[in-house]
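Colleague: Here is a sequence together with a model predicted from it:
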Amino acid sequence: KQEVTQIPAALSVPEGENLVLNCSFTDSAIYNLQWFRQDPGKGLTSLLLIQSSQREQTSGRLNASLDKSSGRSTLYIAASQPGDSATYLCAVPDFTGTASKLTFGTGTRLQVTL
Amino acid sequence: KAGVTQTPRYLIKTRGQQVTLSCSPISGHRSVSWYQQTPGQGLQFLFEYFSETQRNKGNFPGRFSGRQFSNSRSEMNVSTLELGDSALYLCASSLAKGIETQYFGPGTRLLVL
């Protein structure tokens, strides 16, 4: 059974700082890994999807890396801004060939202060 | 292109009642999944539908059911509501296999009194 863990659970940083969020998964046989952002009481916004064959994926100030062999992914946020404050979730699909579901990490709550 | 929409956005029900939530996927997306999010359990998978067929089901009691229509819109139903069913219910859509990028709706916040 796939288990996904995110460390730290919460993080507070001053504006402008670069930061790294961590995601670990127990089963390295994954198709991809997706990072999401969730604002309080809202739905999930897809940030990046990194395929199992990729090592990195970038979008603006965000960079996600994937190391399947070690069961780890990191989300790097450059020059953080107060608007980046949210909960960040990583998820991996459990795909059997006919059915799929996402297994989510526990999330990292990020606060960027002025 | 319009995103995933969910209705209603908020619901208040009492124990024992039933509720139906609706989800309209992104145009062209045929896979629809449902998740329950609570502070204690996080995001938990309910079920996934593709071409009107349930492809996968999570570990929830039979009170939770769903269906998908020919236009890919999906509904989920919870019967005999319990206090513990209070949660944010999220719907996600993807193109076909479910392993592509998942796009989530804003969710339906259900409060059971």
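Modeller: That came in fine, so what should we check first? From a predicted model like this one, the values you see are computed outputs, not experimental measurements. Residues are numbered from 1 along each chain as shown, chains lettered A, B, ... in the order given.

Colleague: For chain B, what is the nearest residue in chain A?
Modeller: Using CB to the nearest CB, A:Ser100 is the residue of chain A that sits closest to chain B, at 3.1 Å. Glycine gets a C-beta too; all of them are placed from N, C-alpha and C.

Colleague: pretty sure that residue contacts B:Glu100?
Modeller: No: if you go by CB atoms under 8 Å, A:Ser100 and B:Glu100 don't touch, sitting 9.5 Å apart.

Colleague: With neighbour numbers in mind, choose between those two.
Modeller: Neighbour count, other CB atoms under 10 Å in any protein chain shown: between A:Ser100 and B:Glu100, A:Ser100 has more, with 24 against 18.

Colleague: what's near enough to touch that one?
Modeller: A:Pro93, A:Asp94, B:Ser31, B:Ser33, B:Glu48, B:Arg55, B:Asn56, B:Lys97, B:Gly98, B:Ile99 (CB atoms under 8 Å, 6 or more residues apart in numbering or on different chains).

Colleague: Which of those residues fall within helices?
Modeller: Judged by DSSP state H, the subset of the contacts of A:Ser100 located in helices is empty.

Colleague: pLDDT value on residue 97, please?
Modeller: Went with chain A since none was named. A:Gly97 is assigned 65 on the pLDDT scale.

Colleague: Chain B is the one I meant
Modeller: pLDDT for B:Lys97: 70.

Colleague: Quick one: neighbours of it, just the number.
Modeller: Residues near B:Lys97, counting by other CB under 10 Å, number 17.

Colleague: Would you agree it is in contact with B:Ser31?
Modeller: Yes: with contacts counted by CB under 8 Å, B:Lys97 reaches B:Ser31, the gap being 7.0 Å.

Colleague: Show me what counts as buried in stretch A:90-97.
Modeller: A:Cys90, A:Ala91, A:Val92, A:Pro93, A:Asp94, A:Phe95 (16 or more other CB atoms under 10 Å in any protein chain shown).

Colleague: Same check on stretch B:89-102?
Modeller: Per 16+ other CB under 10 Å, stretch B:89-102 contains these buried residues: B:Tyr89, B:Leu90, B:Cys91, B:Ala92, B:Ser93, B:Ser94, B:Leu95, B:Lys97, B:Gly98, B:Ile99, B:Glu100, B:Gln102.

Colleague: can you check stretch A:15-33 too?
Modeller: A:Leu19, A:Leu21, A:Cys23, A:Ser24, A:Phe25, A:Ile30, A:Tyr31, A:Asn32, A:Leu33.

Colleague: Also near chain B: which of the residues you listed, exactly?
Modeller: A:Tyr31, A:Asn32 (CB under 8 Å from any CB of the partner chain).
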